[in-house]
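Colleague: Sharing a model that was predicted from the sequence below.
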Amino acid sequence: MNFKQPLQECISSYASHFSKLHNKPEFDKFRLGIGKLLNEISVKNIKKNNQINVPRKVVEYLNKCSEINKFSGSLENSLLSISNKLDWYKIINGTNLDKKLVNGLFAAQLCGSRGLIKSDEIYLGLFLLAPNLLYPLHQHEALELYHVCAGNIEISHGRKKNPFKVNQGDFSLTPSNQVHSLRTGSEPCLFSYIWVGGKNKLPGKSWWWQENSDGFWSRISWERQTDSSWKISGSERLTEELIKEAGDY
């Protein structure tokens, strides 16, 4: 299959959405990144992905998303139409982690280290989260934009702020290094993400927060592997300075 047309439709739909958000300068980096991707697609021959993997659970959740949602927007439709043609993988690996979490987080890249377009400046892909799932507190250097395609998701920026819900068709912005968590409801949630970096190339550093038995908190560092999944690489105790830098107030 030629992926150029469906990929171009997805990115063109994003560009159309961003053009309507002219009064929101916080989206400027994403506008610039999407514009570059459109230029790359016009001159590149996007070849067939020979490593397509769509796990049974992903198929089940994508079908469920299609059944319970009406996709009236061009962006939602274009992303859903390409979703079952991508290479899906589990986001995290680890024997000492909650199995429900490990088996309930899936991702597929359109652009990135594993995407149809290779890039270390902008990542664009899909996340699929199982129902009734908590993606625990974490932070990363990348500036992150979510767009919910199907279902809804509850996001918390820090441990003390009230969570906010992002519904189908809505966007959310998470600043660089802002600690945050995600929670799904009774239905699976399909949403796209865009990562843009600052001075450093993507994916940059990522950490998960964890409360210790002594009541103090640590953050566990994760490194992205060559297959784009994440593995633990170390940990450190959270200081007041690190907590403040993470927007946890």
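Modeller: Structure received.
Colleague: need the helices for the protein, in chain order.
Modeller: Using DSSP state H, the helices of the chain run over 4-19, 28-43, 56-68, 74-83, 99-102, 240-245.
Colleague: can you redo those helices as TSV with distance to residue 196 and mean neighbour count?
Modeller: (C-beta placed from N, C-alpha, C; glycine too.) Below are the helices of the chain laid out as TSV (distance: least, Cβ to Cβ, whole Å; neighbours: other Cβ atoms under 10 Å):
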stretch	distance to residue 196	mean neighbour count
helix 4-19	12	18
helix 28-43	5	17
helix 56-68	26	15
helix 74-83	18	20
helix 99-102	26	13
helix 240-245	19	12
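Colleague: Using a markdown table, lay out these together with mean pLDDT.
Modeller: Converted to a markdown table, those look like this (pLDDT from 0 to 100):
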| stretch | mean pLDDT |
| --- | --- |
| helix 4-19 | 89 |
| helix 28-43 | 88 |
| helix 56-68 | 88 |
| helix 74-83 | 88 |
| helix 99-102 | 89 |
| helix 240-245 | 94 |
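Colleague: Quick check: which of those is nearest to residue 118?
Modeller: Within those, the stretch nearest residue 118 is helix 28-43; the backing value is 9.6 Å (Cβ to Cβ).
Colleague: Confidence-wise, which helix or strand of this protein is lowest on average?
Modeller: Sorting the helices and strands of the chain by mean pLDDT, DSSP states H and E puts strand 230-237 at the bottom, at a mean of 85.
Colleague: Give me the residue at the spatial middle of the chain.
Modeller: residue 193 (3.9 Å; Cα atoms, centre = their mean).
Colleague: Does that one touch residue 145 like I think?
Modeller: Yes - with contact defined as Cβ atoms under 8 Å, residue 193 reaches residue 145; the gap is 6.8 Å.
Colleague: So for the residue nearest to the centre of the chain, what's the pLDDT?
Modeller: Residue 193 is assigned 96 on the pLDDT scale.
Colleague: need the contact list for it.
Modeller: When contacts are counted by Cβ atoms under 8 Å, 6 or more residues apart in numbering, residue 193 is found next to 123, 124, 125, 126, 127, 144, 145, 146, 147.
Colleague: Can you report how many residues neighbour the last one?
Modeller: By other Cβ atoms under 10 Å, 22 other residues sit near residue 147.
Colleague: and the residue nearest to the centre of the chain, how far is that from residue 238?
Modeller: 25 Å (Cβ to Cβ, to the nearest Å).
Colleague: which of the contacts of residue 193 tops the neighbour count?
Modeller: Neighbour count (other Cβ under 10 Å) singles out residue 124 as the most crowded of the contacts of residue 193, with 27 neighbours.
Colleague: Isn't that residue up against residue 192?
Modeller: Yes - the pair formed by residue 124 and residue 192 meets the contact definition of Cβ under 8 Å, at 7.1 Å.
Colleague: how about residue 140, what does it touch?
Modeller: The contact partners of residue 140, taken as Cβ under 8 Å, 6+ apart, are 176, 177, 195, 203, 204, 205, 206, 207.
Colleague: again, only using 7 Å
Modeller: Shown in contact with residue 140 (Cβ atoms under 7 Å, 6 or more residues apart in numbering): 204, 205, 206.
Colleague: gap between the residue with the largest distance to the centre of the chain and residue 127?
Modeller: Note on the chain: the largest C-alpha distance from the chain mean falls to residue 214, namely 32.2 Å (Cα atoms, centre = their mean). Residue 214 sits 33 Å away from residue 127, going by Cβ to Cβ.
Colleague: Tell me what residue 193 is bridged to.
Modeller: Beta-bridge pairing of residue 193 under DSSP bridges involves residue 125, residue 146.
Colleague: Please determine how far it is located from residue 67.
Modeller: Here residue 193 is placed at a distance of 23 Å from residue 67 (Cβ to Cβ).
Colleague: Next: residue 44.
Modeller: From residue 44 over to residue 67 (counting by Cβ to Cβ), the distance is 35 Å.
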